[in-house]
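Q: Need a 3D model of the sequence below.
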Amino acid sequence: MGIFDFFTKERKEDLDQGLQKSHDGIFDKLSKAIAGKTVVDEETLDEIESALIASDIGVATTVKLIEALESRVAQDKYVNTEEVYNMLKDEIVSLLTENNTPDYEGFDIPFTYPYPYVILVVGVNGVGKTTTIGKLAYQFKKNGKSVMLGAADTFRAAAVEQLTIWSERVGVPIVKQGTGADPAAVAFDTVQSAMSKQIDVVLIDTAGRLHNKTQLMQELSKIKRALQKVAPPVPQDIMLVLDGSTGQNAFHQAQEFTKATEITCLAITKLDGTAKGGVVLGIADQLKVPVKYIGVGEGVEKLQIFNKRQFVDSLFKKK
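A: Numbers count the residues shown, from 1 in each chain. From the prediction side, this is the model:
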């Protein structure tokens, strides 16, 4: 499969529409910064820098991009608007490549036989964590994989109920216990059941809080130990879900979670309702944790595999 083969016209349109507000914000700011310029001088670079920071890409990542852009511009002196856009896009893709963000190709799973592919899902309440699990279940099932859900967020009855609704909607089994049950026990039972039924993918919801980092770390460590009693290689991923519409707050949440526990990948939701989509770039760059999924709409099909080139092309697409 080629890098962009899975990106159908419909999925590309969904991405463009989902990033429309972010695109308009960053495009308008950059247009004002470089409109009518024939030479990209220090003043122009300062204006581009301000435009990127205002787009929630973040100061540290913006500084890297401006330094790279300055180096390239110094070689030519004269560049037109189109060249500036292309340089900027190339430098962003290069930055993401350096910081361990691969180009994922569809909802494939690593070969883990005889063990299931297990994703522990973490994130604060309200970011779309449980909904993301439901959408992932749908996408994996659509891709021909058998899926099981584990309701290990046992501190909120609503979380278990919501995940149960998704299991029924998607048509996949769920393992759950009563409110207040031991999350590690639920996770253990989920993977044990998945092993016995030869399930391909297991998605385990966990408690959505971060008021006590020590407690969070202890709880997730306990869950991982429980899982490894059943299947030593699991979980293969610990995925942090972030609400992209919160901009830099999402970045700060990601910082806190990565301090509290190991995070192997990110899912960033609600990008369709915000002009702060640039935060995706800053988070991936600064945390060195790959963005794996992005949410660009409410429908189940609107949860997409993150592809850095396609994302950057949509974000900086010329009108």
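Q: Show me what the helix or strand containing Tyr138 is in contact with.
A: Assigned by DSSP states H and E, Tyr138 belongs to helix 129-142. Helix 129-142 is contacted by residues 107, 109, 119, 121-123, 147, 149, 153, 159, 162-163, 165-167, 169-172, 200-201, 203, 205, 208, 241, 267, 269, 293, 295, 300, 302-303 when judged by C-beta atoms under 8 Å, 6 or more residues apart in numbering. For the C-beta atoms, the positions are set from N, CA and C on the backbone; glycine is no exception.
Q: Buried ones among those residues?
A: 107, 119, 121-123, 147, 149, 153, 159, 162-163, 166-167, 170, 172, 200-201, 203, 205, 208, 241, 267, 269, 293, 295, 300, 302-303 (16 or more other C-beta atoms under 10 Å).
Q: What about these, which are in strands?
A: Taking DSSP state E as the definition of strands, the buried ones among the contacts of helix 129-142 contribute 119, 121-122, 147, 149, 201, 203, 205, 241, 267, 269, 293, 295, 303.
Q: so what's the closest residue to Asn143 other than its chain neighbours up against?
A: Using C-beta to C-beta, 6 or more residues apart in numbering and skipping residues adjacent in sequence, the residue nearest Asn143 is Phe107, 4.4 Å away. With contact taken as C-beta under 8 Å, 6+ apart, Phe107 is in contact with Leu136, Gln139, Phe140, Lys142, Asn143, Lys145, Ile305.
Q: Pull the most distant pair out of those.
A: Greatest spatial distance among these (C-beta to C-beta): Lys145 and Ile305, at 14.3 Å.
Q: correct me, but Phe257 touches Phe251?
A: No. Contact criterion C-beta atoms under 8 Å: Phe257 and Phe251 do not qualify, at 10.9 Å.
Q: returning to that earlier point: from the contacts of Phe107, which single one is nearest Gln215?
A: Leu136 (26.1 Å).
Q: Measure how buried the closest one is and give me the count.
A: Leu136 has 25 neighbours, counted by other C-beta atoms under 10 Å.
Q: what about it, distance to Asp46?
A: Leu136 sits 42 Å away from Asp46, going by C-beta to C-beta, to the nearest Å.
Q: Assess the claim that Ser167 and Val160 are in contact.
A: No. Checked against C-beta under 8 Å, the pair Ser167 and Val160 is beyond contact range at 10.4 Å.
Q: distance between the ends of stretch 177-188?
A: End-to-end distance for stretch 177-188, by C-alpha to C-alpha, to the nearest Å: 12 Å.
Q: so what's the closest residue to Ile133 other than its chain neighbours up against?
A: Counting by C-beta to C-beta, 6+ apart, Leu203 is the residue found nearest to Ile133 once chain neighbours are left out, at 4.8 Å. By C-beta under 8 Å, 6+ apart, Leu203 lies in contact with Ile119, Val121, Ile133, Leu136, Ala137, Val147, Met148, Leu149, Gly150.
Q: change it to 10 Å
A: 117-121, 130, 132-134, 136-137, 140, 147-150, 163, 166-167, 172, 174, 190, 237, 239 (C-beta atoms under 10 Å, 6 or more residues apart in numbering).
Q: What of Thr261?
A: For Thr261, the contact set (C-beta under 10 Å, 6+ apart) comprises 120, 122, 210, 213, 216-221, 224, 238, 240.
Q: Got the phi and psi for it?
A: Dihedral pair for Thr261: phi -160, psi 170, per degrees, to the nearest 10.
Q: roughly how far apart are it and Ile223?
A: 10 Å.
Q: Now list whatever residues contact both of the two.
A: What both Thr261 and Ile223 touch, as defined by C-beta under 10 Å, 6+ apart, is the set Leu120, Ile238.
Q: Which of the contacts of Phe107 sits closest to Val312?
A: Nearest to Val312 among those is Ile305, at 14.7 Å by C-beta to C-beta.
Q: Is that closest one in contact with Cys265, as I believe?
A: No. In this structure, Ile305 is not within contact of Cys265 by C-beta atoms under 10 Å, at 11.3 Å.
Q: joint contacts of these two?
A: Counting by C-beta under 10 Å, 6+ apart, the residues touching both Ile305 and Cys265 are Tyr104, Val291, Lys292, Tyr293.
Q: mind showing which ranges of the stretch 151-300 of the chain have poor pLDDT?
A: 210-213 (pLDDT under 70).
Q: could you redo the last one with a cut-off of 80?
A: For the stretch 151-300 of the chain, applying pLDDT under 80 flags the ranges 157, 208-216.
Q: residue ranges for the helices of it, please.
A: 157-170, 183-196, 213-230, 248-260, 279-287 (DSSP state H, counting those that start in this stretch).
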